[in-house]
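J.: quick one: sequence and predicted model below, then my questions.
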Amino acid sequence: MTSEVHAAPSVQSRAEVYRNDLFGDPVQPPRKGTTPGGYASPMAGPEGETCATCKWAVRTRHYSKCGHPIMRPRWTHGVATDIRLKTRACAKWEKP
Ligand code: SF4
């Protein structure tokens, strides 16, 4: 007759639990601000117009931002407040 000593199951700390998924693989932190989303309004603007034809579009060599007074104070140095000039104009569109 053998006597076996059962080891107590390992207890993971809360931090370890949240670092790994159900299969034990490490969880990648979500990437923030990878999509341009700095548009002044979620509502669509005039048909046929884009941010490129708007007076508020601010272009630099590497990125574009919406310079509408609503958006300018919210600018960050990241992609999340960039705009794509080919995007359909929003409700704040104005003729240059
Ligand atoms: S249409 Fe004009 S106001 Fe609207 S997000 Fe584009 S640049 Fe800004």
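T.: Yep, that arrived.
J.: strands of the chain, start to end?
T.: 57-59, 64-66 (DSSP state E).
J.: quick one, which of those is nearest to the ligand?
T.: Closest approach to the ligand among these (C-beta to the nearest ligand atom): strand 64-66, 3.1 Å. Yep, even glycine has a C-beta here, placed from its N, CA and C like the rest.
J.: that closest one and the ligand, any residue contact?
T.: Yes. Using C-beta under 6 Å from any ligand atom, strand 64-66 reaches the ligand at residue 66.
J.: distance from that strand to the middle of the chain?
T.: Distance of strand 64-66 from the chain centroid (C-alpha atoms, centre = their mean, to the nearest Å) equals 15 Å.
J.: verify the stated contact: residue 19 with residue 25.
T.: No. Residue 19 is not in contact with residue 25 according to C-beta atoms under 8 Å; the separation is 9.9 Å.
J.: tell me which of those two has more neighbours.
T.: More crowded of residue 19 and residue 25, by other C-beta atoms under 10 Å: residue 19, with 14 against 9.
J.: okay then, goodbye and thanks.
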